[in-house]
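Student: Take this sequence and fold it.
(chains A, B, C, D, E and F)
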Protein chains: 6
Amino acid sequence: MNEPKIGKLAVLIATMEEEELAVFKPKLETVQYCKGKAGSMNMQKVISSVETAAKRNGIIAEHVYRETHALYHAILEALQGVTRGQIAIGDMMRTVGLRFAVVRGKPYEREGEGEWIAVAFYGTIGAPVKGLEHETLGLGINHI
Amino acid sequence: MNEPKIGKLAVLIATMEEEELAVFKPKLETVQYCKGKAGSMNMQKVISSVETAAKRNGIIAEHVYRETHALYHAILEALQGVTRGQIAIGDMMRTVGLRFAVVRGKPYEREGEGEWIAVAFYGTIGAPVKGLEHETLGLGINHI
Amino acid sequence: MNEPKIGKLAVLIATMEEEELAVFKPKLETVQYCKGKAGSMNMQKVISSVETAAKRNGIIAEHVYRETHALYHAILEALQGVTRGQIAIGDMMRTVGLRFAVVRGKPYEREGEGEWIAVAFYGTIGAPVKGLEHETLGLGINHI
Amino acid sequence: MNEPKIGKLAVLIATMEEEELAVFKPKLETVQYCKGKAGSMNMQKVISSVETAAKRNGIIAEHVYRETHALYHAILEALQGVTRGQIAIGDMMRTVGLRFAVVRGKPYEREGEGEWIAVAFYGTIGAPVKGLEHETLGLGINHI
Amino acid sequence: MNEPKIGKLAVLIATMEEEELAVFKPKLETVQYCKGKAGSMNMQKVISSVETAAKRNGIIAEHVYRETHALYHAILEALQGVTRGQIAIGDMMRTVGLRFAVVRGKPYEREGEGEWIAVAFYGTIGAPVKGLEHETLGLGINHI
Amino acid sequence: MNEPKIGKLAVLIATMEEEELAVFKPKLETVQYCKGKAGSMNMQKVISSVETAAKRNGIIAEHVYRETHALYHAILEALQGVTRGQIAIGDMMRTVGLRFAVVRGKPYEREGEGEWIAVAFYGTIGAPVKGLEHETLGLGINHI
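Tutor: Residues are numbered from 1 along each chain as shown, chains lettered A, B, ... in the order given. Now for the predicted structure:
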């Protein structure tokens, strides 16, 4: 495995509280990252929330399609974990407090491998009945 | 969200090194858990590894089908994250150092909700070409 | 195979007319069941219809998440049969006269296996063009 | 809905014992049908078993590709129900006593609609651990 | 492979400009075909556009369900290529200038094989962000 | 749409005979490309065939993971078209004379968008019964 482990870092940022994350600060300084919340249960809005956050925080370049394309597929992969392969019916599921993290870094020693991006989601998901949900998590990684 | 967060704990056990995990010991004492490694890239063997570990460590009862059934579907959900919705071609992907954690606990206050089980995988996955892989992670949760 | 066969019973209730079902009355008395119709072609409404019927008829407990969770996944499995693995585009398909049955019982001799739930759908499904459809059927089973 | 309901008939043939089926004999005389068993858990062998039975019993013409093509897609649709959308990992699941039925008939009054074919499976399916399984069922329909 | 290759012809009609297609005119005279555009990114509207065009141009009979059924499944197969197996989230993707072609012909020498239908799509597809997209293509074939 | 259309070129190379392709020579000179055949029906071997051809012909760099990663996902997307969303059971299908093309180029004017890669497959696919098959095609595109 490689260092920094951008996937693991994305997962820790998405799942941990500030104080729990403190011990990982040195490792977080070796990457670029941002985090945020996706309030809606609508897949399209979830995707937009992550893209907007990643662009506002300078994690990806706003007007370069290849960076958006890389992020988009990383988000889709992460949503497969969130919906456990049922991304098709993701809109039917009710997510509560879905948090996300985007991490960009160089996980490979070899210079030519360049930068990669990781997206992690963590929150709760439930059937359309209010008050009933359990945890869910997803991670996607792509070259950028 | 509920306490203990069995999904988050499963993910931390699967991703963290022993020393990183130390601070979560108090929370881990509120659940039953085990961890292990799945060496093969064969989905059927990965499933067997987790089932065997969960039974040997007394996380699920060996001869009760409903407990195996609950664990089995939690594993399948977690593998959807690992293969990012491509579980069908999981066997074609090469996993390296896939670690897993199984956590059983009572995440809901209400007594009637009883016990739930969480399964997390973390490792690297790659195309069939050796030496090329990136991180992957999956989480599945079920009532037991 | 086990007795009572809750899956077979659910399918018979969903597909048969009252008079055809008469001969199975003795077996039906060994389980709890309800039936109903899902008028809409919207997946979320279909799910709600089944959940509401199951709760109103006391097949599952209204305020226990683990029972709703069990039913929900049984419904999703049954809908995979109805949409033949295309649950994602279920909303695009036009179902006519979709009938459902929910059966709860103890299909295993061993006491520890406890109760299981079966959900069956039967009706017709078609492309979005009116008047053109063919039969469709699905069955899902879960521990409860 | 149309008469004869070839899908319902296929399901009844696959699920019922001889004596239960007796009352449906008049309806069965309006269609062509055959039934059989698929012993293996291997998807490719299951498909072959159904094709062979359908050809031996003259349900489809042996050397006409369009009839094999129609049957093949009906089988695949039915297997989506059996594996509940996880046909990809069907080979990993252990089926026990999987019975199938193939029914060919004219379900539409209008002559131009011609013949259609229905395939139903019924049996038990389980995780790779012996002795643990539950019922499963699938139905596929196609024009021929 | 067979002649005429209705799949290849459908793809050429969908991807080529009029002048590029000129050389294939002789082959196109051996089949029935039509082409059109699907402006919307809504899967249901895309399906309707193709069905309407095929009926208006007499490629399939308007009131025969088996022909609509054949076309419908060919469209769905082609859309799997367009969305690359993610047909479930096709509605979330933004298609620009999606062109389609429907070709009906007899690709097999043997008379009994009768007519088959091919549907091809070609255009660009993108994440929900305007201005960013790449090419996409899909082909579906069915007996009619 | 952009120029050169690397997706369209990949499809033309995969579907056309040498003489048909002649008119597109000027456009082909604006990109890097290779073509080949994948004899086997085994998905893993199909993937290997394309990767080997792309590396031998210098379309991607042999020892740079990010280029292999880009190609791998483009191949997977193309295979979704070939198997029409059933990549999971691709191994069960019998492909005959599957030809592939890999095209690398700069489809966007803006320099920052850099290079992209397109993979196209074309051939025939059939149920496991010999002699029965129809055309199939798939296209995948990725940034590199």
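Student: May I ask you to confirm that A:Gly97 is in contact with A:Ala38?
Tutor: No: using CB atoms under 8 Å, A:Gly97 makes no contact with A:Ala38, being 9.2 Å away. For the C-beta atoms, the positions are set from N, CA and C on the backbone; glycine is no exception.
Student: Mutual contacts of those two, please.
Tutor: Taking CB atoms under 8 Å, 6 or more residues apart in numbering or on different chains as the criterion, A:Gly97 and A:Ala38 both touch A:Gly123.
Student: neighbour-wise, which of the two wins?
Tutor: Higher neighbour count among A:Gly97 and A:Ala38: A:Ala38, with 22 against 12, using other CB atoms under 10 Å in any protein chain shown.
Student: which ones are touching the more buried one?
Tutor: A:Lys45, A:Val46, A:Ser49, A:Val50, A:Thr95, A:Leu98, A:Arg99, A:Phe100, A:Phe121, A:Gly123.
Student: which of those are buried?
Tutor: Neighbour-count burial (16 or more other CB atoms under 10 Å in any protein chain shown) applied to the contacts of A:Ala38 gives A:Val46, A:Ser49, A:Val50, A:Thr95, A:Leu98, A:Arg99, A:Phe100, A:Phe121, A:Gly123.
Student: Would the lowest-mean-pLDDT helix or strand in chain A count as contacting chain C?
Tutor: Ranking every helix and strand in chain A by mean pLDDT, DSSP states H and E puts strand A:94-105 at the bottom, with a mean of 89. No: judged by CB under 8 Å from any CB of the partner chain, strand A:94-105 makes no contact with chain C; its nearest approach is 10.2 Å.
Student: That strand packs against which elements?
Tutor: Judged by 3 or more CB pairs under 8 Å, 6 or more residues apart in numbering or on different chains; DSSP states H and E, strand A:94-105 is in contact with helix A:6-15, strand A:32-38, helix A:43-56, helix A:65-82, strand A:116-126.
Student: okay, the angle between the longest one and helix A:6-15?
Tutor: Same thing as helix A:65-82. Orientation check (axes from the mean of the first three to the mean of the last three CA atoms, to 10 degrees): helix A:65-82 against helix A:6-15 gives 60 degrees.
Student: Over to the third one?
Tutor: Direction vectors for helix A:43-56 and helix A:6-15, defined by the same axes, to 10 degrees, enclose an angle of 110 degrees.
Student: And for the last one?
Tutor: Here strand A:116-126 runs at an angle of 40 degrees relative to helix A:6-15 (the same axes, to 10 degrees).
Student: Strand A:116-126 pairs with which strands, parallel or anti?
Tutor: Strand A:116-126 pairs in its sheet with strand A:94-105 (antiparallel), strand A:134-143 (antiparallel), by DSSP bridges.
Student: Quick check: mean pLDDT of it?
Tutor: Average pLDDT, strand A:116-126: 93.
Student: mind showing which ranges of chain A have poor pLDDT?
Tutor: For chain A, the stretches with pLDDT under 70 are A:1-2, A:41, A:87-92, A:127-132.
Student: Around chain D, pick out the residues from it.
Tutor: Nowhere does chain A come near chain D, counting by CB under 8 Å from any CB.
Student: Name the residues of chain A found near chain B, please.
Tutor: So chain A meets chain B at A:1, A:5-8, A:11-12, A:15, A:20, A:23, A:77, A:80-81, A:84-85, A:87, A:96-97, A:107, A:116, A:118, A:120, A:122-124, A:134-141 (CB under 8 Å from any CB).
Student: chain center to the least confident helix or strand of chain A, what's the gap?
Tutor: Centroid separation for strand A:94-105 versus its chain: 5 Å, with CA atoms, centre = their mean, to the nearest Å.
Student: thinking again about what came up before, and D:Glu111, which of the strands paired with strand A:116-126 is closest to it?
Tutor: Closest to D:Glu111 of the strands paired with strand A:116-126 is strand A:94-105 (CB to CB; 49.1 Å).
Student: What angle do strand A:32-38 and the closest one make with each other?
Tutor: Using the same axes, to 10 degrees: strand A:94-105 against strand A:32-38 is 170 degrees.
Student: circling back to that earlier point, using CSV, lay out the strands paired with strand A:116-126 together with distance to E:Ala70.
Tutor: Listed next are these as CSV, based on distance: least, CB to CB, whole Å:
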stretch, distance to E:Ala70
strand A:94-105, 38
strand A:134-143, 37
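Student: and those strands, which is most packed in?
Tutor: Stretch with highest mean neighbour count among the strands paired with strand A:116-126: strand A:134-143 (a mean of 27; mean count of other CB atoms under 10 Å in any protein chain shown).
Student: ok, of the buried ones among the contacts of A:Ala38, which one's closest to chain F?
Tutor: A:Val50 (18.1 Å; CB to the nearest CB).
Student: OK, contacts around the closest one?
Tutor: By CB under 8 Å, 6+ apart, the neighbours of A:Val50 are A:Gly36, A:Ala38, A:Leu71, A:Ile75, A:Phe100, A:Val102, A:Val119.
Student: what do you get if the cut-off is 10 Å, keeping everything else the same?
Tutor: Contact partners of A:Val50, counting by CB atoms under 10 Å, 6 or more residues apart in numbering or on different chains, are A:34, A:36, A:38, A:59, A:71-72, A:74-75, A:78-79, A:100-102, A:119, A:121.
Student: Look at A:Asn57 and say how many residues are nearby.
Tutor: A:Asn57 sits with 15 neighbouring residues when counted by other CB under 10 Å.
Student: give me every residue that touches the residue nearest to it when sequence neighbours are not counted.
Tutor: Spatial nearest neighbour of A:Asn57, excluding adjacent residues (CB to CB, 6 or more residues apart in numbering or on different chains): A:Cys34 at 3.7 Å. Counting by CB under 10 Å, 6+ apart, A:Cys34 touches A:13, A:50, A:53-59, A:100-104.
Student: ok, what's across the strand from A:Cys34?
Tutor: Beta-bridge pairing of A:Cys34 under DSSP bridges involves A:Val102.
Student: where's it relative to A:Val50, distance?
Tutor: To A:Val50, A:Cys34 is 9 Å away according to CB to CB, to the nearest Å.
Student: again, but for A:Gly105
Tutor: For A:Gly105 relative to A:Val50 (CB to CB), the value is 17 Å.
Student: Looking at the contacts of A:Cys34, spot the one nearest E:Val64.
Tutor: Nearest member of these to E:Val64, counting by CB to CB, is A:Val50, at 47.0 Å.
Student: Okay, the closest residue in space to A:His134 that isn't next to it in sequence and chain E: tell me how far apart.
Tutor: Spatial nearest neighbour of A:His134, chain neighbours left out: B:Ile141 (4.8 Å); criterion: CB to CB, 6+ apart. Distance of B:Ile141 to chain E, given as CB to the nearest CB, to the nearest Å: 22 Å.
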